[in-house]
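Asks: Sequence first, predicted coordinates after that:
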Amino acid sequence: MATRFKPGAVALTKDGRRYIVDEVVHNTVYCSSSAGAETEFPENQLMTEAEWSAKTGGRQGILYSRLKQAVCYAPVQNGLLDRPSAERLLLRAETLFPGLLDFAAFCTATRVIAETAASDASEMLSIVRCREIFDEATAETRATLLSGAIGTAPDRLVSAAGLGDNLLRAMIDKGLAENAHSFDAFRTRPRR
């Protein structure tokens, strides 16, 4: 019997929760969540990504426009950070911790969506689109958002980038220690 779901495909519930299909047996879809929880659904209670996109219409566009207009993406006006130092931080942070800027962009987007959306829409967010919005911001703003994602003061993080890779690596490691599981889990996510 033909099924709409193949192993490894994404299946979405009617409220937008995402699962990865493990197996389909007799119209029962066995799935795993991104957190690793296993569950099963009747096939008629799940949607493919194409069906979900058709159902939600422009809802994702609304999410990204909200994200672009969020206060956190406004240019930083505090005068504590200068553009060359912020750019140096961003370059070194991405070199020392590949995927860290994607993580900061996604964490920022998740926080903004949680504050503005009526439901948890973070599972619908695209890492690529979040990073594009992140990269459109000024270097000072991106440095501030990065420091917020790892729980460090922006001016200290920027100055550490000027003092050398070892100090910067130690500061980021310390900041990520509380979110290490989140960052590690994020790095295993598909970059879509």
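Replies: Arrived safely.
Asks: pLDDT averaged over the helix ranked longest in the chain - what is it?
Replies: Ordering each helix of the chain by length in residues (DSSP state H) puts helix 100-116 first. Across helix 100-116, pLDDT averages out at 87.
Asks: now do stretch 141-155
Replies: Here the average pLDDT along stretch 141-155 is 91.
Asks: Low-confidence ranges, the chain, go.
Replies: Regions of the chain meeting the criterion pLDDT under 70 cover residues 1-2, 15-16, 55-62, 78, 116-123, 180-181, 190-192.
Asks: again, only this time at 80
Replies: 1-3, 14-17, 34-36, 49-50, 52-66, 77-80, 114-125, 178-181, 184-185, 187-192 (pLDDT under 80).
Asks: quick revisit: tell me the first helix or strand C-terminal of the longest helix of the chain.
Replies: Using DSSP states H and E, the helix or strand that follows helix 100-116 in sequence is helix 127-136.
Asks: mind giving me the domain ranges of the chain?
Replies: Following automatic domain parsing, one finds the domains of the chain at 10-54, 58-187.
Asks: distance between the shortest one and the chain's centre?
Replies: This means domain 10-54. Offset of domain 10-54 from its chain centre (C-alpha atoms, centre = their mean, to the nearest Å): 21 Å.
Asks: Name all residues that make contact with E38.
Replies: Applying C-beta atoms under 8 Å, 6 or more residues apart in numbering, we find E38 in contact with D22, Y30, C31, S32. The way it works is simple: take the backbone N, C-alpha and C, and place the C-beta from them, glycine included.
Asks: cool, E23 as well?
Replies: P7, V29, Y30.
Asks: returning to that earlier point: I'd like to check what contacts the longest helix of the chain. Which residues are they?
Replies: Outside of helix 100-116, the residues within contact range by C-beta under 8 Å, 6+ apart are 63, 66-67, 70, 72, 90, 93-94, 120-122, 125, 127, 130-131, 133-135, 142, 145-146, 148-150, 172, 182-183, 186-187, 191.
Asks: go on, stretch 167-181?
Replies: With C-beta under 8 Å, 6+ apart as the criterion, stretch 167-181 contacts 89, 92-93, 96-97, 100, 147, 149-152, 156-157, 160-161, 183.
Asks: for stretch 149-163, same thing?
Replies: For stretch 149-163, contacts defined as C-beta under 8 Å, 6+ apart pick out 76, 80-81, 85-86, 88-89, 92-93, 103-104, 107-108, 143-144, 146-148, 167-168, 171-172, 174-176, 178-179.
Asks: burial of the closest residue to A143 other than its chain neighbours, as a residue count?
Replies: Setting aside the residues directly before and after it, A143 is nearest to A86 in space (C-beta to C-beta, 6 or more residues apart in numbering), at 3.9 Å. If you count neighbours by other C-beta atoms under 10 Å, A86 ends up with 23.
Asks: That concludes my questions; thank you for your assistance.
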